[in-house]
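Asks: make a model of this:
(one chain, ligands or ions: 1)
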Amino acid sequence: MADEKEVARKRLRVLRDELAFHGHRYYVLDQPVIADVEYDRLFRELLALEEKFPELVTDDSPSQRVGGAPLEKFAGVQHRHAMLSLENAFSDAELRDFEDRLLRFLKDTPQLSYVAEPKMDGLAVELVYENGLFVQGSTRGDGRTGEDITRNLKTIAAIPLRLQGESPPVLLEVRGEVFMGSAGFKKMNEERAAAGESLFANPRNAAAGSLRQLDSRLTARRPLDFYAYGISDPAQVACPTQHELLAQLMDFGLKVNPLVRLCPKMDEVIAHYRHLLEIRARLDYEIDGMVVKVNSLALQERLGNKARTPRWAVACKFPAFQATTRLLAVDFQVGRTGVVTPVAILEPVAIGGVTVSRATLHNEEEIKRKDLRIGDRVLVQRAGDVIPEIVQPIIDLRTGGEEPVAMPGHCPSCGHTLVREEGEAALRCINGHCPAQRLRSLIHFTGKTGMDIEGLGKKVMEQLFAEKLVNDIPDIYALRPETLERLDGWASKSAENAVAAIAASQNASLARLLSALGIRHVGEVTAAQLEERFQTMENLMAASLEELLTVEGIGEQVAASIRDYFGDPAVQKMLERLRQLGVAPGKRVAPLGELPLRGAVLLFTGSLSSFSRDEAKGVVKKLGGQVSSSLSRKVTHLVCGDKPGSKLQKAEELGITIIDEKGFQQLIS
Ligand code: IVH
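Replies: Just a heads-up that it's a prediction; the model follows:
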């Protein structure tokens, strides 16, 4: 036994190192070198060994990332060095003033260089590392005292549990921002909507809510991310400048925003501000400005701090995406699950270059909470990709003629009486044949979280539904190019492409089909779990309630919803028709693990020495990846050969992972 334990101890050390290495490649560098299944295999081996020898579990074991039993409350944490906030600059002139102040203060310094960093719109946290081990993490709180959220922070894969490198500092207090990427936010809200849960208004709120969960297992399920931007005291590492400090943090395995720029002059700072403002809407996360810091840490020290803000840094806020306009009316939209959502109809107003004429109102409670009335002047805001929302009415501008919002008693589409289910904020139309619900379900089916059929977006589905060509899901697979071609706005080419895209979706995975069907409480994550467990539609349809309940993450409510769905004779008939029309999920060509580039989109620039372009593309496709011919945010890797073109700089700006030929060879090996 003692021997066995020694063997386990050694093996666990190897596994922890391996998992930390691959976690860093995946979550920090976005350059995985093994397939997900291989990672999972290592992880399972670790869990099994730790279960056998619980005394061998260490604080830096990746098993600690899944979260633990809920806390009663968070403990207070005294920050060794106060977490300051920043002064704001709202114009180029104010930035020049900032520089003038610095030069006056320093007297003998003729020229300053700066680091300009995106200002992440998330939550400030401090991570304490002792001899390389992550021992404590906290929120900013009032700047002096924050809350101990160590367990929650451990669930964030981008935060290393142990610093990389041979000789970590005795003490390192990393400062940075926890945030939620826009894609993760959107997906999470879609999942919540599917599960009938309340939605988060924006990624920042979602990140804040997730971090302040007392149950870290819930935090672990949220797509949180982290960027480091500094440390509490420059004396903790020997770096002369902020720019080198950030490079050092990267060497420690921490994630640093690739859009950080070293600016030798204030002119470059201003240029970078313009650049960030320009690419802001295309980033996969929200930034609310740019932070400018004096590069020299010695000068930072000389400049020192005021009461709550440092003299050596300033925040250049972006103009808020807000405007005022009038609430003209409230419309009621019926979603695919029958939920009736109020939508504000606004006098059109330009906000950050986009004309806004509608805003979401979520539900009746929201209208009541904000005390909105028809005719009100309202403050509207738009954040990144998020749907515009009304912040508040401007009560002082009321004339007395404003009308309260009346909720409908009947479905605006089919006239059926609306019901409010126990404990739900939403009104719901429960007519299974409601045309609005049917159209919404069809739009969901072909849309991004469904079968993702190119050419069958919302507008097209509305057209096909109005023309009575598609009444239910199987009708999609019966569409012929000749029929589509005759419709307004179609040509033979677009018709053929659409039908080809429909045909291509016939072999989509079971998970995709399940998510597309829009079964209540079954979003993409649950769908993937169902596929993993049941493999085929037949198995799933035959699964009992008890069997469903054994699937990870599926509780009573979800299991019951799945049983209800498949128990419905109309659903059974629909699925049978789909089968006859050739929709056959689960016939995967190769198991996941054999396609290491699944999900990767590569773009090549410059010439490679050991492959022709065509050969390289062929290899990528064979390994399950895609090759793109132009730069977009879909691209996951730019492969940069000899004499790269302008794509390189653009890719850097978009924060896309850039690899050289050697990196490419590793990727495909
Ligand atoms: S430096 C003393 N750098 O902005 C230096 N802050 O008011 C203070 N923030 O809540 C922070 N991105 O969390 C710094 N690149 C960045 C930042 C950043 C976002 C947040 C920070 C704090 C607020 C400062």
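
Asks: for the protein, which spans come out with low pLDDT?
Replies: 1, 196, 353, 383-386, 586-595 (pLDDT under 70).

Asks: residue of it nearest the ligand, please.
Replies: Of all residues in the chain, Ala124 sits closest to the ligand, at 3.0 Å by CB to the nearest ligand atom. (Each C-beta comes from the backbone N, C-alpha and C, glycine too.)

Asks: just give me the neighbour total for that residue.
Replies: A total of 19 residues lie near Ala124 under the criterion other CB atoms under 10 Å.

Asks: ranges for the strands of the stretch 351-500 of the chain?
Replies: Applying DSSP state E, counting those that start in this stretch to the stretch 351-500 of the chain gives strands spanning 354-360, 373-374, 377-381, 389-393, 403-404, 418-420, 427-429.

Asks: deepest in the core, which of the ones you listed is it.
Replies: strand 427-429 (a mean of 23; mean count of other CB atoms under 10 Å).

Asks: okay, helices next: where are they in the stretch 351-500 of the chain?
Replies: Under the criterion DSSP state H, counting those that start in this stretch, helices of the stretch 351-500 of the chain are mapped to 364-370, 435-446, 458-466, 473-477, 481-485, 492-504.

Asks: around the ligand, pick out the residues from the chain.
Replies: 84-86, 117, 119-120, 124, 177, 229-230, 291, 310, 313, 315 (CB under 6 Å from any ligand atom).

Asks: now the two most distant members of those.
Replies: In terms of CB to CB, the residues of the chain next to the ligand reach their longest pairwise distance at Met120 and Pro310, which sit 17.5 Å apart.

Asks: these two: which is more packed in?
Replies: Met120 (24 against 17).

Asks: and the longest helix for the protein?
Replies: helix 2-23 (DSSP state H).

Asks: any quick ChimeraX command for the buried ones out of the residues of the chain next to the ligand?
Replies: Selecting the buried subset of these in ChimeraX, with 16 or more other CB atoms under 10 Å as the burial test, is done by:
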select :84,86,117,119,120,124,177,229,230,291,310,313,315
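
Asks: list just the nearest of the residues of the chain next to the ligand to Asp452.
Replies: Met120 (29.7 Å).

Asks: which SS class is the residue lying closest to that closest one once chain neighbours are set aside?
Replies: Closest residue in space to Met120, ignoring its immediate chain neighbours: Glu177 at 3.8 Å, by CB to CB, 6 or more residues apart in numbering. Assigned with DSSP: H, G, I helix; E, B strand; the rest coil, Glu177 falls in the strand class.

Asks: also Arg217?
Replies: Per three-state DSSP, Arg217 ends up helix.

Asks: check contacts around it.
Replies: Each residue near Arg217 by CB atoms under 8 Å, 6 or more residues apart in numbering is listed here: 66-68, 70.

Asks: kindly report the same for Leu427.
Replies: Taking CB under 8 Å, 6+ apart, one finds 339-340, 363-364, 407-408, 418-420 in contact with Leu427.

Asks: try 10 Å this time
Replies: Going by CB atoms under 10 Å, 6 or more residues apart in numbering, Leu427 touches 332, 334, 338-342, 363-364, 407-409, 411, 418-421.

Asks: buried ones only from the residues you listed, please, as a ChimeraX command.
Replies: For the buried members of those, the matching ChimeraX selection, counting by 16+ other CB under 10 Å, is:
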select :332,334,338,339,340,341,342,363,364,411,418
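
Asks: the residue of the chain closest to the ligand bridge partners, please.
Replies: On the basis of DSSP bridges, Ala124 is bridged to Glu177.

Asks: distance between stretch 489-502 and the chain's centre?
Replies: From the chain centre to the centre of stretch 489-502 is a distance of 32 Å (CA atoms, centre = their mean, to the nearest Å).

Asks: just the CA trace of that stretch, in CSV.
Replies: Output in CSV follows, covering the C-alpha atoms of stretch 489-502 (Å, rounded to 0.1, in the frame of the first residue of the first chain):
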residue,chain,number,x,y,z
GLY,A,489,-35.3,38.1,-53.9
TRP,A,490,-34.1,34.6,-54.9
ALA,A,491,-32.0,33.5,-57.8
SER,A,492,-31.0,30.1,-59.0
LYS,A,493,-27.6,30.3,-57.3
SER,A,494,-28.9,31.3,-53.9
ALA,A,495,-31.7,28.7,-54.1
GLU,A,496,-29.1,26.0,-54.9
ASN,A,497,-26.8,27.1,-52.2
ALA,A,498,-29.6,27.1,-49.6
VAL,A,499,-30.8,23.6,-50.6
ALA,A,500,-27.1,22.4,-50.5
ALA,A,501,-26.8,23.9,-47.0
ILE,A,502,-30.0,22.2,-45.9
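
Asks: quick one: the residue of the chain closest to the ligand and Gly176 touch, right?
Replies: Yes. Under the criterion of CB atoms under 10 Å, Ala124 makes contact with Gly176 at 7.6 Å.

Asks: so what sits against both of those two?
Replies: Tyr229.

Asks: tell me the phi and psi of Asn88?
Replies: Note on Asn88: backbone dihedrals following degrees, to the nearest 10 are phi -110, psi 150.

Asks: surely Glu55 touches Leu49?
Replies: No. Between Glu55 and Leu49 there is no contact under CB under 10 Å: 11.5 Å.

Asks: buried sites along stretch 490-504?
Replies: Residues of stretch 490-504 classed as buried: 490, 494-495, 498-499, 501-502 (neighbour count, 16+ other CB under 10 Å).

Asks: pull the contacting residues for Glu55.
Replies: Per CB under 10 Å, 6+ apart, neighbours of Glu55: 5, 9.
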